[in-house]
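1. Please work out how this folds:
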Amino acid sequence: MKIYRLALAALILSLSSLAMAEKPRLFVTVTGSDTQDRAMPLVLANQALDQGSEVRVLLCGAGAKLALSDYEAERFAPRDITPVDLLQRLMANGATVEVCAIFLPNTGHSAEQLRAGIAVASPAEVAAWMMGPDTRLFSH
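-> Here you go, the predicted model:
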């Protein structure tokens, strides 16, 4: 009887740890200056989000221009959408999108020029998130 109780307790413990497991996480950095270099990481981030991952996007360098409210990105085939469209879809579906902490002070732009929903990243918070369990990294 004692063995059955121990086995039952072990089973309950393993099932509860499965239930508490975090969903996969994807951390994406977008730095490219070419439209395709900006779009493809965002296409993959949207796919990961659709498949149940938690997604966080960091826009740096030339990629951070996507965060500027007055920036008009070029359209690409075959869907005739822009990287900004992909970015906005990510945000609408719960992804976190931020610009690198060094972007604004080194470009002369201000936080008021960022698209709604895009914040300036905290390096300490981003690093902690990147190091979290089940986090995959994608950079381009």
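
2. which residues in this protein form helices?
-> 2-20, 35-50, 83-92, 103-107, 123-130 (DSSP state H).

3. For the third one, enumerate the helices and strands it packs against.
-> Helices and strands touching helix 83-92, as assessed by 3 or more CB pairs under 8 Å, 6 or more residues apart in numbering; DSSP states H and E, comprise helix 35-50, strand 54-59, strand 96-99. Heads up, the C-betas are built off the backbone N, CA and C, glycines and all.

4. what about the protein, any weak spots by pLDDT?
-> Applying pLDDT under 70 to the chain picks out residues 1-21.

5. Give me the most central residue, it.
-> The structure's the chain has its C-alpha centroid closest to R56; by CA atoms, centre = their mean the separation is 1.9 Å.

6. Can you tell me how far it is from A95?
-> 7 Å (CB to CB, to the nearest Å).

7. Repeat that for E74.
-> Distance, E74 to A95, by CB to CB: 22 Å.

8. Please apply the same query to K65.
-> K65 is 18 Å from A95, where distance means CB to CB.

9. How about R115?
-> 13 Å.

10. For Q88, which non-adjacent residue is spatially closest?
-> Ranked by CB to CB, 6 or more residues apart in numbering and with sequence neighbours excluded, the top spatial neighbour of Q88 is R115, at 7.7 Å.

11. Check I102 too.
-> Closest to I102 by CB to CB, 6+ apart is C60, at 7.9 Å.

12. Please work out how many residues are found near the one you found.
-> 19 (other CB atoms under 10 Å).

13. surely it meets V28?
-> No: counting by CB atoms under 8 Å, C60 does not reach V28; the two are 10.9 Å apart.

14. Identify the residues contacting stretch 27-39?
-> Applying CB atoms under 8 Å, 6 or more residues apart in numbering, the contact partners of stretch 27-39 are 41-42, 44-45, 55-63, 66, 73-74, 76, 82-83, 86, 129-130, 135-140.

15. if we go to 6 Å?
-> Contacting residues not belonging to stretch 27-39 are listed as 41, 45, 56-63, 74, 76, 83, 130, 135, 137-140 [CB atoms under 6 Å, 6 or more residues apart in numbering].
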